[in-house]
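>>> quick one: sequence plus predicted model below, questions after.
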Amino acid sequence: MRIAGLESRTPECLDRLLEVWECSVKATHAFLSGGEVEAIKAYVPQALREVPRLVAAENGKGVPIGFLGADRRRLEMLFLLPEVRGKGLGRALPQYGIDRYGLRELAVNEQNPQARGFYERMGFHVYRRTETDGQGEPYPLLYMRL
């Protein structure tokens, strides 16, 4: 496995990251319906193109199996293929961002207690809560920082 910043965001690479995103969300975001996942999926390619820092973890064949996106000191996205969860990659990617980019903050869906617990084990703590997500949808967010 290799973790590195993505210098080139080719359409093929972004398509693969979108696949990782979709598999990850379907495995971890049980509070979203299939229709909601599809609606959100429409915005993901733009987010992948625009996030200032995009880091991918690749398998031995150079195929992305997880990624993170960051803006300044904020973790904006972290997604892994379900089959690689629980093998250390989920910790390795944000640690890479903490070490290389000084990541210190993130937001997590309140309805995703596994994610909250994961980030708490990494040393993050909740400092703020909102009733809606960034798009105004009824998905409360927990803002966390190191």
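Received the coordinates, thanks.
>>> that's a helix at residue 35, yeah?
Yes. According to DSSP: H, G, I helix; E, B strand; the rest coil, residue 35 belongs to a helix.
>>> what's the burial count for it?
Per other CB atoms under 10 Å, the neighbour tally for residue 35 reads 8. C-beta coordinates here come from the backbone N, C-alpha and C atoms, glycine included.
>>> also residue 80?
By other CB under 10 Å, 23 other residues sit near residue 80.
>>> from what I can see it touches residue 21, true?
No. Counting by CB atoms under 8 Å, residue 80 stays clear of residue 21, with 9.9 Å between them.
>>> contacts only, for the closest residue to residue 29 other than its chain neighbours.
Closest residue to residue 29 apart from its sequence neighbours, by CB to CB, 6 or more residues apart in numbering: residue 112 at 6.3 Å. Residue 112 sits next to 28, 29, 31 when contact means CB atoms under 8 Å, 6 or more residues apart in numbering.
>>> how much space between the first one and residue 120?
If I follow you right, that is residue 28. In this view, residue 28 and residue 120 are 16 Å apart by CB to CB, to the nearest Å.
>>> and for the last one?
Using CB to CB, one obtains 19 Å as the distance from residue 31 to residue 120.
>>> can you give the contact residues for the longest helix seen in the chain?
Longest helix in the chain by number of residues, with DSSP state H as the criterion: helix 11-28. By CB under 8 Å, 6+ apart, the surrounding residues in contact with helix 11-28 are 6, 32, 37, 40-41, 44-45, 48-49, 54, 56, 63-67, 77, 79-82, 85, 112, 114-115.
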